[in-house]
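# sequence? don't have it. structure:
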């Protein structure tokens, strides 16, 4: 499978089709998430208002549900948006931020998983908190979210009885806020243009990881890294992906 | 009319008088909007709390009403702030974000226009959604907001039976979030120091457009563009405006 | 007293121990505050939801209470968090943003001071509004917050019958939003690793001020200053602090 080629084809589709991604996401991630989507060629919207969720979703191509700064307004927005997304046939991504630190959030995330997100992305601690019986992967991938991306120093993507490992990225990605949150939105943009969910998730992660490397090599710290990461998402081309992709399929 | 000279005079007045601009604006735009006002020499405030709107407006020189992420809290804040601004004699700017994507918001924006904002700024889709009978300009300019700025690749400003066209700016301005939102706040700062609303709006747009060019020439993408844009607003001088201004008056 | 040496020892402790700092803070400061904590090695959380405050505080090492954009949600979060912080023995920092512009906020800040924050940080106008009888320092330091940092061109720190003056920093720190707010969170991180509150506050201010100088020397304006400030917090070492520290103890 030509991961880099596929990823580039999808990125070009995002740039050409400009999918609208509605993001229910946390306070601290909103502005950066919108910037990442714009840099990739997609169009973000962020409203949480009950009266407006339907209008915005009706003209969107994907939905992000991020559980950070989970207040009453977000809870209501999520409750409305998920059945709507299903009715509209929109792909949706679950990002279970900090479920390992809040019982309320863990309970909600488990309930949302039962609604079958197209994909879930979390770090090892978040995926671990959601795993039943200690297995970080099987229960999620097999029964609920068709595709799960567990990101970290090495990213693991599993679904469809397949497992991919991706080793792109940069240490600054763990030293700046909302990097994972924004990736989850980018996954939404890729799902909007590609029906093979596993391929879409892997492609978004590859673009993000390679953009991180390009930015990290120019940055002098996690501060200058952030604007450079947006530049890299905007400027990245097929050759960057081809030369740098470190993706491996593991036979299970 | 010496647009560049006027714009520079007003920018210097903002830098000297440090007007306070109270901003009711969307989540994703709050931090950047505050930074733009500070970079220009103005002083931002952002509270949405019912109990505090009056205190903050009483010590402000202009008000921004931006309809992005329009939730109940923002609705109440807007409802309180607009009559207060009128009573206090403060100029106020309406920014009808995404009215083309939400019926609720379009209805509200139309109602707010009837309260006579000093100026309105929107992109072509937003102004189009608000236009009656398909004419993007006349209904707004003639009856309600005295001055309307419709921004895009070419900015059009109309009001007082006059129409200006402005061709400054940079493509990155459409590839980063909250750029238009922050411009609406900057218009507020200019209205705080200049009674001729058309001149104030044109000057804010000119400063913003030229700052965008200065930043765009140094940036490597829409990420590095943002901090450079703030630098440019802070550093811009009369010569920059003089050399680069592309403003044209059209006789109607 | 070796201020620079102490400050570096504490910064290294933050980097090694990675304290969790829960931040109740204003909209515009949330993302940058989280970035500053991450750049320093600490771990931020930002939720305001009533149901989650307890879980997050229980696994935190310090609390920030910032009064900016003070809405009902923040009021409830503050009301819950302060007694919890006391029960859990967590240090907490009060940042009385804009109390000089809102009677509601001033009344609340005075009430919160009576609950004995470990430290308070404000600018001259904010501290002035809270001072009784016009003395900006004595009433706060003696009776309520054990340590008060009044920041500005010169920072003054008082508490324990001692007074320090710190002259590090850069003018861009007053031309970008949330710089003071983020410093208050950084103080929280230092209080999490150091029991001597006066030393912790002074150290956080010294690290921040020197990081500001390092960033300011490279920046071309207040826009590029912000990412460079994060880089500087991440990269700063003992030699930077040693060479640049301008701290003076005043005998009272």
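It's in. Since the structure is predicted, the reported quantities are computational estimates derived from the model, not experimental observations.
# low-confidence ranges in chain A?
Counting by pLDDT under 70, chain A contains low-confidence residues at A:1, A:132-145, A:251-252.
# Now do the strands in it.
Remark: strands assigned in chain A by DSSP state E are A:20-24, A:43-45, A:62-66, A:92-95, A:119-123, A:147-151, A:155-159, A:162-166, A:247-250.
# Kindly provide the distance from the closest residue to residue A:223 other than its chain neighbours to residue B:35.
Among residues not flanking residue A:223 along the chain, residue C:230 sits closest, at 2.7 Å (CB to CB, 6 or more residues apart in numbering or on different chains). (Glycine included, C-beta is placed from N, CA and C.) Separation of residue C:230 from residue B:35 (CB to CB, to the nearest Å) stands at 14 Å.
# who are the neighbours in contact with the residue in the stretch 1-150 of chain A that chain B sits nearest to?
For the stretch 1-150 of chain A and chain B, the shortest gap (CB to the nearest CB) falls at residue A:34, measuring 3.8 Å. Contact analysis of residue A:34 by CB atoms under 8 Å, 6 or more residues apart in numbering or on different chains lists A:23, A:44, A:46, B:28, B:177, B:178.
# With residue A:155 instead?
A:149, A:165, A:166, A:167, A:168, A:169, A:205, A:209.
# Now for the residues you listed: which two are most distant?
A:149 and A:167 (13.8 Å; CB to CB).
# Quick check: beta-bridge partners of the residue lying closest to residue A:37 once chain neighbours are set aside?
Closest residue in space to residue A:37, ignoring its immediate chain neighbours: residue A:44 at 4.1 Å, by CB to CB, 6+ apart. Using DSSP bridges, the bridge partners assigned to residue A:44 are residue A:21.
# pretty sure residue A:44 is in contact with residue A:32, am I right?
No - using CB atoms under 8 Å, residue A:44 makes no contact with residue A:32, being 10.4 Å away.
# now, of the strands of chain A, which is deepest in the fold?
strand A:92-95 (a mean of 30; mean count of other CB atoms under 10 Å in any protein chain shown).
# ok, that strand near chain C or not?
No - Strand A:92-95 lies out of reach of chain C by CB under 8 Å from any CB of the partner chain, never closer than 14.6 Å.
# Any chance you could list what contacts that strand?
Under CB under 8 Å, 6+ apart, the answer for strand A:92-95 is A:25, A:62-68, A:81-82, A:85, A:109, A:112-113, A:117-122, A:145, A:180-181, A:184-185, A:187-188, A:191.
# which ones are touching residue A:15?
Residues near residue A:15 by CB under 8 Å, 6+ apart: A:40, A:41.
# Nearest residue to the middle of chain A?
residue A:184 (1.7 Å; CA atoms, centre = their mean).
# Setting aside sequence neighbours, what's the nearest residue to that one?
Using CB to CB, 6+ apart and skipping the chain neighbours, the partner closest in space to residue A:184 is residue A:95 (3.9 Å).
# For the one you found, give its distance to residue A:219.
Counting by CB to CB - residue A:95 and residue A:219 are separated by 24 Å.
# Same check on residue A:71?
33 Å.
# One more: residue A:118?
32 Å.
# In the stretch 51-200 of chain A, what residue lies closest to chain C?
For the stretch 51-200 of chain A, CB to the nearest CB, closest residue to chain C: residue A:177, 3.8 Å.
# for the nearest residue in space to residue A:214 that is not next to it in sequence, what are its contacts?
With sequence-adjacent residues excluded and distances taken as CB to CB, 6+ apart, residue A:214 is closest to residue A:232, at 4.2 Å. Taking CB under 8 Å, 6+ apart as the criterion, residue A:232 is in contact with A:210, A:211, A:212, A:214, A:215, B:221, B:223.
# cool, residue A:37 as well?
Counted by CB under 8 Å, 6+ apart, residue A:37 has contacts A:21, A:23, A:43, A:44, A:185, A:186, A:189.
# how much space between the first one and residue A:80?
Looking back up the chat, that one is residue A:21. From residue A:21 to residue A:80 the distance is 17 Å (CB to CB).
# Next: the fourth one.
In this structure, residue A:44 lies at 19 Å from residue A:80, with CB to CB as the measure.
# what does the second one give?
In this structure, residue A:23 and residue A:80 are separated by 14 Å, where distance is defined by CB to CB.
# Could you count how many residues lie near the nearest residue to residue A:48 once chain neighbours are set aside?
Leaving aside its sequence neighbours, residue A:48 sits nearest to residue A:77 (CB to CB, 6+ apart; 4.4 Å). A total of 21 residues lie near residue A:77 under the criterion other CB atoms under 10 Å in any protein chain shown.
# Contacts only, for residue A:77.
Neighbour list for residue A:77: A:24, A:48, A:49, A:50, A:53 [criterion: CB under 8 Å, 6+ apart].
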